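Undergrad: Test case, fold it:
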Amino acid sequence: MKVGVWFYGLSTALTGILDIAWGDFDASHQPIQSLGKNFPGQHLLAYVAGVWLVAAGLAILWRRSARMGAAASAIAYLIFMALWLPRYQAGIHVYGWRIDVLLGVSFGLAQQLMLVAPAAIVYASIASPDSLLKQRAAIAARWMLGLPPIVFGLFHLAAIHVFARIVPPWMGFGHSWAALTGIAFILAGIAICSGIRDVLAARLLALMLLLFEGLVEIPPIFVRLHNQPTWGAAVYNLTAIGACLIFAEFLTSRADRERIGPARNVALSRPDPVVA
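TA: Take a look at the predicted model:
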C-alpha cells in the first residue's frame, strides 16, 4: 500500500501544516465554529491539531510507527467528523427540513468519515494475515469508504447548480458535468459497498479525484493564494486519493495472498522427490 500511504500520510501532514500556518481551523472541513462562534482557545487548539496531524501523517509512513500514526489520524478525523453533527440542528433551525440542507451537512461529515477508512486499514494491516482484526477492518473500511461517495453524488445532484459553477468555464456544459460527476460518485460508492468491481471502482474514483485536483482544486490557489479553505480543499482531495488507493491496494494484496497462498503451502508440504 506504499503509493496510497504516501498520498494519505503526506496530505494529512500538509493539513496540519495549514492549521499551523493560519493558526486556525479550515471551516470547510474542520467546523470548530459549530461549538460556538468565539470558541475559547480556538487558535491554540488549531496549533495543537496541526502538530497532531503532522506527527500522525509522518508516523504512518514508517512501519514501526504506522499503527500509532494510523490511530492518531483516525482520532483526528473522527473528531472533525463529530464537529459536523451540531450542523444538522443549526441547518434545520435556519433553513427548515430541506433535503439539500441535510445532504450538505452529510457531505461534510462524509468527507471526514472517508478519511477514517484508510487509517483503519493501515492499523489492521500490520496484524497477522489471518487476524480477525484485519477482516473486521476490511469490512468497516468498505462501508466507511463506500458510503461517502454516495452522499457526494446525491449532493451533487441535489445542488447541481452549485457544482455547475465549479466546472472550469472553458469546459462548458457545467450542469452536465456536475450531473455526470454525481452519477459517477454514486456508482463508485455502490460498487465499493457491494464488493462488485470494488478495486476497479476505488481506482477509478482516485483517478476522478486526481482530475479534480488538476482541473478544479489547484487553479484557484494561484488566484486566492492566502485563502485557507482553497488550500484545504486541494489538500483534502489528495488525502481522499490516498484513501482510495490504500483501499484498492489492500484488497489487491489480500486477493493475491488468497490466490497464491494455498498453492505455495501445498508445494511446501510435499516431500522432495527422490533422485535416483
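Undergrad: what stretches of the stretch 101-250 of the chain score poorly on pLDDT?
TA: By pLDDT under 70, the low-scoring segments of the stretch 101-250 of the chain are 127-131.
Undergrad: Tell me which stretches of it form helices.
TA: Using DSSP state H, counting those that start in this stretch, the helices of the stretch 101-250 of the chain run over 132-158, 160-164, 174-194, 198-212, 219-223, 228-269.
Undergrad: List the contacts of the nearest residue to Arg197 once chain neighbours are set aside.
TA: Leaving aside its sequence neighbours, Arg197 sits nearest to Ala191 (CB to CB, 6 or more residues apart in numbering; 5.1 Å). C-beta coordinates here come from the backbone N, C-alpha and C atoms, glycine included. Contacts of Ala191 were listed using CB atoms under 8 Å, 6 or more residues apart in numbering, and they are 146, 197-198, 200-201.
Undergrad: swap the cut-off to 10 Å and go again
TA: For Ala191, the contact set (CB atoms under 10 Å, 6 or more residues apart in numbering) comprises 146, 149, 197-202, 204-205.
Undergrad: next one: Pro229
TA: Pro229 touches 18, 22, 26-29, 220, 236, counting by CB under 10 Å, 6+ apart.
Undergrad: List just the nearest of those to Leu209.
TA: Lowest distance from Leu209 to the contacts of Pro229 (CB to CB) belongs to Tyr236, with 9.8 Å.
Undergrad: how far away is the closest one from Ala49?
TA: Between Tyr236 and Ala49 the computed distance is 15 Å (CB to CB, to the nearest Å).
Undergrad: returning to what we had before: now, of the contacts of Ala191, which are buried?
TA: Those of the contacts of Ala191 that meet the buried threshold are 146, 149, 198-199, 201-202, 204-205, by 16 or more other CB atoms under 10 Å.
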